[in-house]
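[1] Below are the sequence and a predicted model for it; my questions follow.
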Amino acid sequence: MAKKVALITGASSGIGKEFARIHAERGGDLVIIARREDRLKELKKELEKKHKVKVMIITKDLTQPNAAKEIYDEVKKAKIKIDYLINNAGFGGLGKFHERDWETDLAMINLNIVALTALTRFFLPDFVKRNRGKILNVSSTASMMPGPLQAVYYATKAYVTSFSNALNEELHDTNITVTALMPGATETEFGKVSEMEKTELFKKTFSAREVALAGYDGMMAGKLDVLAGLTFSQRFLIRLIPLAPKWYTLQYIRKGQEVD
């Protein structure tokens, strides 16, 4: 039986790197994508030596307009069939929208929304032709609410969850599933890049391994949504969000993201 191939974006660190390790541990080959070639090479060497799998690396900046098409073309040229598409790459950023650098927020939209959507559009028709495949889109618990002081990031993740759920239903009569992974605060470079590590919300974090394992297993089981990296009290609070007055929710989130 041929090994299943997973394509993973943002694979050079954090949750993406753990996705790659988990898939390799289970005997699967990989196409790993990120901007930092040196880190991808290190990961390729680790996984091929330890698990005897094949790893193709593609160095690409997914904030660039043609990146997704270039990735698809490289994979097709290499005659690799993708079985699992894991759209993990993404970033956030703290601050008032009108004060933040617009180019940074535009890059966030391009990565979190446009690249994810484009990669899905390119690879999904191949899945449909073979009537098999799994897609895992890394969203966030942020997708369940508006996010004052991270307005663009929360909005991009709301798109990811909505898009993933809609696609899964469109594919109800196939053997293809689309899963949205919605982590809470996780020990990754995201906290530093977004400056969230200084806030109340990041006082309790979960390991990237825990979150990746929950997401990977959820994808394999064909789950619609996977909540991960949350304490019991955080899970309880999230369930209350639809019941609370919106003004209270907005105020609560804003205060949780203010830097002391």
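    Received the coordinates, thanks.
[2] helices and strands around the strand or helix carrying residue 214, which ones?
    Under the criterion of DSSP states H and E, residue 214 resides in helix 208-220. Contact partners of helix 208-220 among helices and strands, from 3 or more CB pairs under 8 Å, 6 or more residues apart in numbering; DSSP states H and E: helix 14-25, strand 133-138, strand 176-183, strand 186-187, strand 225-228. To be clear about C-beta, it is placed using only N, CA and C from the backbone, and glycine gets the same treatment.
[3] weakest of the ones you listed by average pLDDT?
    Looking at these, the lowest mean pLDDT belongs to strand 186-187 (a mean of 59).
[4] Columns distance to residue 85 and mean neighbour count on top of the helices and strands packed on helix 208-220, output as CSV?
    Shown next, in CSV, are the helices and strands packed on helix 208-220 (distance: least, CB to CB, whole Å; neighbours: other CB atoms under 10 Å):
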stretch, distance to residue 85, mean neighbour count
helix 14-25, 11, 24
strand 133-138, 5, 26
strand 176-183, 9, 26
strand 186-187, 21, 20
strand 225-228, 16, 19
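[5] Of all these, which one is nearest residue 157?
    Checking these against residue 157 by CB to CB gives strand 176-183 as the closest, at 8.0 Å.
[6] how about the closest one as PDB, C-alpha atoms only?
    Extracted in PDB, the C-alpha atoms of strand 176-183 (Å, rounded to 0.1, in the frame of the first residue of the first chain):
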ATOM      1  CA  ILE A 176     -13.700  13.800   1.600                       C
ATOM      2  CA  THR A 177     -13.800  15.600   4.900                       C
ATOM      3  CA  VAL A 178     -12.900  19.100   5.900                       C
ATOM      4  CA  THR A 179     -12.000  19.800   9.600                       C
ATOM      5  CA  ALA A 180     -11.500  23.100  11.400                       C
ATOM      6  CA  LEU A 181      -9.000  23.000  14.300                       C
ATOM      7  CA  MET A 182      -9.700  25.700  16.800                       C
ATOM      8  CA  PRO A 183      -6.900  25.900  19.400                       C
END
